[in-house]
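Asker: Only the shape, not the letters, is given here:
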DNA sequence: GTCTATACGAAGATAGAC
DNA sequence: GTCTATCTTCGTATAGAC
């Protein structure tokens, strides 16, 4: 699962300490989500990870390298997700829409963090998000048949991501009311998939 | 129309020079759209407006004041747009969706610029965008009747904005292919509004 | 592997001349 | 109203000790 780091050869127990490299990426994600792109300085990330700036720079030689590390983690997580979505019991669309709003999982957090980066003209962050969208769209198209319908559903997913995360920095996680709204939304979307072209 | 600046009392002709204050806001918008939030420094904005940093700071005492000026302009432009959308010949939904992707008008540019700002934890930018969304959603709800359908349409609009502007910094304006895709999308959306709840 | 200290440049803001 | 210094703080990165 932790594709971004080599598996330790002899983990004494499953409670083995998280490698510093991963802790730093966790800290980067946390700062990006909670305080935005501008606040994600080397100082702030190092402090959040519990290391010094010098310590951070040992693991990631520059800020760009740090960002690249996060994007690599995101791509790995998405690879797993694409497998999950194809075999989702409630269907591809249900899975996609529900996970567009969740905010809890490592994947959600990685996406939101990279989306924050993408606004600051990080070309590789934009590229990664565009690639991911393409992968999801392909799966939805495969599931619903009609490309136009797939695009509309994908746009709703984009809108949910934008609304639930980017538009409201520091918002609390999914609440009960949101869950009801999500059910209602899925009902509306069914009207798109029920009828053919 | 230019609600953000007092009308000159004696404009010799309609070619009267644009006030420096407005030129500075234009420059801020241009830099935000073309180069992102981080690039929108006082130096860069001043250069784009053709004034010195000191000159800029005469009109806007601080960077926060500059941002507030842009947000005030956006709110004024949206006020006009809300009037337009209610009387749009092709209908509210058609107008909303089409203008979600345009990118050419002063309003579009102001929205994209403020959206860039919103990612950098500018609370007032987020607040303004949330307010605007609420106004549009109210109009759509009024037009289509069902709140769930209205929300789905609004999310598609959000997705279009995200896709066409935030996700692709420095992308060219609406192309021919986009226009066809938009028509197809409107066809899909009609399936939502055609059927009742 | 992790730390402290320091160099260097960039960005916001002030002061005062014109 | 607009300009040119100048000050200060912050962010990235390097050097070298431990």
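Answerer: Arrived safely. None of these values were measured; they are calculated from a predicted model. Numbers count the residues shown, from 1 in each chain, chains lettered A, B, ... in the order given.
Asker: right, and residue A:29 touches residue A:108 too?
Answerer: No - Residue A:29 is beyond contact range of residue A:108, at 10.2 Å (criterion: CB atoms under 8 Å). Every C-beta, even on glycine, is put in place using the N, C-alpha and C of the backbone.
Asker: interface residues of chain A facing DNA strand D?
Answerer: Counting by CB under 7 Å from any atom of the strand, the positions of chain A adjacent to DNA strand D are A:39, A:41, A:42, A:43, A:53, A:54, A:57, A:61, A:62, A:63, A:64.
Asker: Among those, name the buried ones.
Answerer: A:42, A:57 (16 or more other CB atoms under 10 Å in any protein chain shown).
Asker: Could you identify the most distant pair in the residues of chain A next to DNA strand D?
Answerer: A:39 and A:61 (21.7 Å; CB to CB).
Asker: picking up where we left off before, between residue A:29 and residue A:108, point out the one with more neighbours.
Answerer: Between residue A:29 and residue A:108, counted using other CB atoms under 10 Å in any protein chain shown, residue A:29 has the larger neighbour count: 24 against 21.
Asker: Return the per-residue confidence for that one.
Answerer: According to the prediction, residue A:29 has pLDDT 97.
Asker: can you tell me which helix or strand the spatially most central residue of chain A belongs to?
Answerer: Against the mean C-alpha coordinate of chain A, by CA atoms, centre = their mean, the closest residue is residue A:111 at 2.4 Å. Residue A:111 is located in helix A:106-119, with elements delineated by DSSP states H and E.
Asker: hang on, isn't residue A:112 packed against residue A:166?
Answerer: Yes - between residue A:112 and residue A:166 there is a contact at 7.2 Å, judged by CB under 8 Å.
Asker: list residues touching both of these two?
Answerer: Here residue A:112 and residue A:166 have no joint contacts, going by CB atoms under 8 Å, 6 or more residues apart in numbering or on different chains.
Asker: Residue numbers of chain A in contact with DNA strand C?
Answerer: A:20, A:46, A:50, A:51, A:52, A:53, A:54, A:55, A:57, A:58, A:59.
Asker: Just the closest of these to residue B:122, please.
Answerer: Closest approach between the residues of chain A next to DNA strand C and residue B:122, by CB to CB: residue A:46, at 25.0 Å.
Asker: How about the one helix or strand the closest one maps to and chain B, touching?
Answerer: Using DSSP H and E, residue A:46 sits in helix A:42-49. No - using CB under 8 Å from any CB of the partner chain, helix A:42-49 stays clear of chain B, coming no nearer than 12.7 Å.
Asker: Other residues contacting that helix?
Answerer: By CB under 8 Å, 6+ apart, helix A:42-49 touches A:20, A:23-24, A:26-28, A:30-31, A:35, A:52-53, A:55-57, A:63, A:66.
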